[in-house]
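**Q** sequence first, then the predicted structure, then my questions.
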Amino acid sequence: MLLIHCPYCKSDLPELEFANAGEAHLVRPADMSDMSDADFADYFFVRDNPKGVNLERWRHAHGCGRFFNAVRDTVSDKFLKVYPAGEPRPSDAEVKALLEAQAEGRKDGGSGA
Ligand SMILES: [Zn+2]
């Protein structure tokens, strides 16, 4: 079973307690009334779906109920980092270091979690 670390409850808990809430760090347009329908549809409906590292929003739905962000590798389904909502997105260098740490864990036979 996949365990997810809640940054508020400070414990690893079964994934069944959590709900994915989509892409993290979306920036709401300052004035949506100026947007074209195509631009609004792009903002509202279109999301990145890369293979590899994703910055995602999650909610501890059956626990504290709070939202947090996560860096998750969609290839290995490992959570590389979780952090409270409102904290800035990790830099590219930090994400690269997280991936390297995960790869080293795999070489050592560790779970990488
Ligand atoms: Zn929690």
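**A** Happy to help now that I have it.
**Q** the residue positioned nearest the centre of the chain: what secondary structure?
**A** Nearest to the geometric centre of the chain sits Glu56, at 2.4 Å (C-alpha atoms, centre = their mean). State at Glu56, reduced to three classes by DSSP: H, G, I helix; E, B strand; the rest coil: strand.
**Q** ok, now how distant is it from the ion?
**A** Distance, Glu56 to the ion, using C-beta to the ion, to the nearest Å: 16 Å. Any C-beta I mention is one placed from the backbone N, CA and C, and that applies to glycine too.
**Q** what's the answer for Phe44, then?
**A** 28 Å.
**Q** for that residue, give me phi and psi.
**A** Phe44 has phi and psi values of phi -80, psi -30 when expressed as degrees, to the nearest 10.
**Q** roughly how far apart are it and Met32?
**A** Noted for Phe44: a distance of 9 Å to Met32, by C-beta to C-beta, to the nearest Å.
**Q** what packs against the helix ranked longest in the chain?
**A** The longest helix of the chain (DSSP state H) is helix 92-107. Judged by 3 or more C-beta pairs under 8 Å, 6 or more residues apart in numbering; DSSP states H and E, helix 92-107 is in contact with strand 67-73, strand 78-84.
**Q** so Tyr43 touches Glu23, yeah?
**A** No: contact criterion C-beta atoms under 8 Å: Tyr43 and Glu23 do not qualify, at 11.3 Å.
**Q** show me what from the chain comes close to the ion.
**A** For the chain, the contact set with the ion under C-beta under 5 Å from the ion comprises Cys6, Tyr8, Cys9, His60, Gly63, Cys64.
**Q** in a strand, the second one, correct?
**A** In other words, Tyr8. No: applying three-state DSSP, one finds Tyr8 to be coil, outside a strand.
**Q** next, the angle strand 67-73 makes with the lowest-mean-pLDDT helix or strand in the chain.
**A** The least trusted helix or strand in the chain, going by mean pLDDT, DSSP states H and E, turns out to be helix 92-107, with a mean of 87. Angle, helix 92-107 to strand 67-73, by axes from the mean of the first three to the mean of the last three C-alpha atoms, to 10 degrees: 60 degrees.
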